[in-house]
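# Got a predicted structure here, sequence first:
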Amino acid sequence: MADHVELRTGAYFDSVTLMQVSRTVAAAPGVEAAQVAMATELNLEVVRGMGFDVPESSPNDLVVAIRGDDSGIAAGTAALEDALTRTRSAGGGSGGFGDAPAPRTLGGAIRLAGADLGLVSVPGEHAVAEALDAVRAGVSVMVFSDNVPVEDEVRLKDAAADAGVLVMGPDCGTAVVGGVALGFANVVRQGSVGLVAASGTGAQQVMCLLDAAGVGISHCLGVGGRDLSSAVAARSTKQALAALAADPDTSSIIVISKPPAAEVLADLEAYAAGLGKPVHWATLGAGRPDLTAAVEAALAATGHDVPDSWPTWGAAEAATRGETAPQGDSLRGLFCGGTLADEAMLVAGEVLGDIRSNIPLRPELALGPDLRDPGHVVIDFGDDAMTVGRAHPMIDPSLRLERIAAEAADPTCGVLLLDLVLGHGAHADPAPELAEAIRSARTAADAGGRHLDVVVSLTGAEGDPQGLQASAARLVEAGAVVKLSNAEATREALRLLGHDVSAHSMSESAHSMSGSANSTGEGEALRGLLTHEVSVAAAGVSLFSDALRAQAVSVTDAAWQPPMPGTAGDLARVLADARRDAANAEALRRMTAAGADLVDVRPASEALGLERGTFLHAGPPITFDRASGPLRGALIGAMLLEGLADTAEEAEAKLEKGDGITLEPCHHRDAVGPMAGVVSPSMWVYELRDDVHDNTSWCSLNEGLGKVLRYGAYGPEVIDRLRWMNAVLGPILQQAVRARVDQQGPIDVKAIIAQMLQMGDEGHNRNRAGSLMLLRELLPTMITADASSTDVAEAVRFSGANEHFFLNLGMPACKLSTLAAHGIPGSSVVTTMARNGTDFGIRVSGTGDAWFTGPANTPEGLFLGSYGPEDANPDIGDSAITETGGIGGFAMAAAPAIVKFVGGDVPFALRATQTMYEITVGEHTAYQVPILDFRGTPTGIDVASVARTGILPQINTGMAGRVAGTGQVGAGLVNPPAECFTQALTALARAAG
């Protein structure tokens, strides 16, 4: 036997999917053991416990562990690939030519589908971010996820109340809205009884009992198991009650809850008295009726017949079994449903006394970490602590099945009390596995000379997909007593232990109340959620979406995956910042409103105040000793241009020594420089104005492609060209621009960008249309410049032959856009992305002028001549300001021909733009993409969205040679390092408090 263990990064799947995949792999011929899971600490313990050696990993890695012979590992690997492929296909990813990929967040899914209900079933630490998406979109949301901090629950529910929508959860297992079952829910008849449930399996028990009595429900609004706690104070319960009171299809209401806080229940009862409809109470607690009694009381109060008995299977046979062999004295309740476990403890506790549990009725009755005790024990396998990194036991019952076997070997165990819950969302057919476990347990007890009784509380309805009668028959065949009523199942277990248990009385049941109608408008509660046909956007467990599709419900799934590792805490604080939404909206408004007029061309010494020996460069700050080859080459060339050195060797020596030399980022003076970005005092620069926000930006003149200074070349032809640009091109352009300003006003560069996007340019690596339109504006005044006809002709020829002529105006135009959005407290919008060939750096609106940096990545793409990947330097240049402003790589769909220059294919170009909408706060009002039905380009990169989705900005770029003096070696595609965004997120979290 051999072990095959591998880690796969960027391959997230939910725990339910991986449970199914693991079973498929383990069933492959020749496989002895297999586990496929996300590399959470809990899952790694399981994998290592199976004897596998797992390398260092992060929770976002997929770990694949297969044991078998050579053919078995091959078969297991093939089964794995097939299962994952089918899972991806079922997830509805991008399939058509250039189709947009599935949205990564619930908010994206809501926007895509126009959904009116959200469903969140992602790990609890990430659930609030998804739920807030729904609330901010004005959509009610069911949060199945557990392990959500209570303070986050309160914050989420307060936001929902302000938005007029309902948060069902967190830890909401069950809801039914307009006949649509969400999460774990049974197929019951429709009727006029509305349920408000701070309990999932409690709601299922009540709706199944009502269904068995011939009574249907209008809606079941889950509110989460903690909603009636002191901390949450019934926030969602009150909203749900008001909504059902306003619902014309609801005539009475039942409130269902685990034991509530006494003061909260009293306040809630007073609130319910004013709603105008009868409200009945199925709230568990000492001295209060069980759920069955509460249902009977509600039936009687509303004029419905109360059944003489509730469905029971296998009871007659069970009555004589206990006399044949010794039997243990203790009750062992092993539950998947927390409320059913609570109810069992309350009912049994009246007879047995103290019962120890992982969800004890009193703190001193808590079980230890091993969950073992020789006395009476009830365990909730669905408790938060037992579902971290695992599927809920109603989906994956493996832990409980193991415990059933353990109890069979324990002589103190007299009766096993179990639950089995059917319905949508649950295990497709759980009865056979449970029946086999029961049969094996009883056989094991018999072999040990003991008798073991088993009682099962079966929560289900005749319409459930698993089949109520068939499931019951399976369990009875295995030797269990089966009852529909959980309370009756508990009393049966007590009877089998030899206790005299009297039947409950309806006179103990909860009262009902009603009062005058409140002012809630009918049909408008929760934005019409209860009166409209439901469409759902979902993030998380695919099983729940599959269950909705089986009900013919429209579902749009988010291709959710965890946020960047280590960001959960910071992300929560940033998303909770009350300033953020308004601040980001203001940042977008300023970005799209910013003007960009070409008003002048001047020497850098005059425009930027550059003194001799001062050089601007692209990217974040850097010292010469860390400078990349292209930047070193460009600085050497600038030294030669400025006459600060006679040879390259002398220039490099002076730069290394640093005396009289100052290096400063272009961005520190509101300027931008392509590639190496070096600007020296004698160079000429374009001057652009944004009169809307009173900002100015500058950029050097474009030298063309190939061996040019900005790519790090500094040979004689480079220096000669720069001197000609200083002596001839700059002065001619200055005259042309100033004459144009005098005659017609400044040149509107923003308008040119808008037009070029509709003519096949993207504004970074493709500027053909933009360059021609700029020349159209400049030529009339260029040809009248006070210069020789030869110089004018050469200036026109040089400009017209340079397809990147416009880039050096598009860049400062985008700089003005982002400059307008900079410095807004609370904003998480990126206002600078820049690279110096060593570091990639970003700046963010809400964190001032701080740089957040990481190692620059090397572009991948197409190479010139004989150059290859080994010749390319890591990413360099300020030109990523175009992507920061919403064009360039963010507008690739407008310029599919760009792929001939940077690599990729046309579908990639289309998908790239559509993917960027996932990480931006909005769309540009002026820059539009024709092929996307003139949708505005994705604009305003949001640090929080980048961290949430793991999607990094797409940048189109040129590639400079790694060795100084080489020049351009190609063009390609690149992404920033994730570190920039995680650092910025941390700073934003600190600023949020």
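All right, it came through fine.

# how near is N857 to V672?
Noted for N857: a distance of 20 Å to V672, by CB to CB, to the nearest Å. To be clear about C-beta, it is placed using only N, CA and C from the backbone, and glycine gets the same treatment.

# backbone phi and psi for A894, please?
A894 has phi and psi values of phi -80, psi -10 when expressed as degrees, to the nearest 10.

# pretty sure it is touching D761, no?
Yes - the criterion here is CB atoms under 8 Å, and A894 meets it with D761 at 7.2 Å.

# Quick check: the residue sitting nearest the centre point of the chain vs G138, distance?
The chain has T105 as the residue nearest its centroid, 4.3 Å off, counting by CA atoms, centre = their mean. Per CB to CB, T105 is found 16 Å from G138.

# need the longest helix for the chain.
In the chain, taking DSSP state H as the definition, the longest helix is helix 70-90.

# CA-only coordinates of it in CSV, if you can.
Provided in CSV are the C-alpha atoms of helix 70-90 (Å, rounded to 0.1, in the frame of the first residue of the first chain):
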residue,chain,number,x,y,z
ASP,A,70,-0.8,1.7,-7.5
SER,A,71,-4.0,0.9,-9.5
GLY,A,72,-6.1,2.1,-6.5
ILE,A,73,-4.4,5.5,-6.3
ALA,A,74,-4.8,5.9,-10.1
ALA,A,75,-8.5,4.9,-9.9
GLY,A,76,-9.0,7.2,-6.9
THR,A,77,-7.3,10.1,-8.6
ALA,A,78,-9.4,9.6,-11.7
ALA,A,79,-12.6,9.4,-9.6
LEU,A,80,-11.5,12.7,-7.8
GLU,A,81,-11.0,14.6,-11.1
ASP,A,82,-14.3,13.3,-12.4
ALA,A,83,-16.2,14.3,-9.2
LEU,A,84,-14.6,17.7,-9.1
THR,A,85,-15.3,18.3,-12.8
ARG,A,86,-19.0,17.4,-12.3
THR,A,87,-19.2,19.6,-9.3
ARG,A,88,-17.8,22.6,-11.2
SER,A,89,-20.2,22.0,-14.1
ALA,A,90,-23.1,21.8,-11.7
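
# Just the buried residues of that helix, please?
Neighbour-count burial for helix 70-90, counted by 16 or more other CB atoms under 10 Å, picks out G72, I73, A74, A75, G76, T77, A79, L80, A83, L84, T87.

# nearest to V902, of those residues?
Distance to V902, by CB to CB, is smallest for L84 among the buried residues of helix 70-90, at 30.3 Å.

# ok, the closest one - contacts?
Applying CB atoms under 8 Å, 6 or more residues apart in numbering, we find L84 in contact with A11, F13, V21.

# any idea what sits nearest the first one, other than its immediate chain neighbours?
In space, A11 comes closest to L62 once its chain neighbours are excluded; the distance is 4.3 Å by CB to CB, 6 or more residues apart in numbering.

# Also A445?
Nearest non-adjacent residue to A445 (CB to CB, 6+ apart): L452, at 3.6 Å.

# and if you look at R632?
Spatial nearest neighbour of R632, chain neighbours left out: A964 (4.6 Å); criterion: CB to CB, 6+ apart.

# on that earlier part again, R439 is in contact with the residue nearest to A445, correct?
No - look at L452 against R439 with CB under 8 Å: they stay out of range, at 11.0 Å.

# ok, the two, which is more surrounded?
The neighbour count for L452 versus R439, taken as other CB atoms under 10 Å, is higher for L452 (27 against 17).

# Now do A282 against G164, distance only.
Look at A282 and G164: by CB to CB, they are 28 Å apart.

# what about those two, which has more around it?
Between A282 and G164, counted using other CB under 10 Å, the more crowded position is A282 (31 against 14).

# Now for the more buried one: which residues touch it?
G202, V206, I254, V255, I256, S257, P289, L291, A294, V295, A298, A510.

# Report the separation between it and P393.
A282 is 23 Å from P393, by CB to CB.

# can you check L616 too?
Between L616 and P393 the distance is 63 Å, computed by CB to CB.

# what do you get for E803?
Look at E803 and P393: by CB to CB, they are 63 Å apart.

# More neighbours: those two, which one.
For E803 versus P393, neighbours defined as other CB under 10 Å are more numerous around P393 (26 against 20).

# on that earlier part again, which one's more surrounded, A894 and D761?
Counted by other CB under 10 Å, A894 and D761 do not tie: D761 has more neighbours, with 30 against 27.

# how about V31, phi and psi?
The phi/psi pair for V31 (degrees, to the nearest 10) reads phi -90, psi 120.

# contacting residues for it?
By CB under 8 Å, 6+ apart, the contact set of V31 is V25, I66, R67, G68, G72, I73, A75, G76.

# hmm, try it at 10 Å
Neighbouring residues of V31 by CB atoms under 10 Å, 6 or more residues apart in numbering: 4, 25, 66-69, 71-77, 79.

# so what's it bridging to?
Under DSSP bridges, the beta-bridge partners of V31 are G68.
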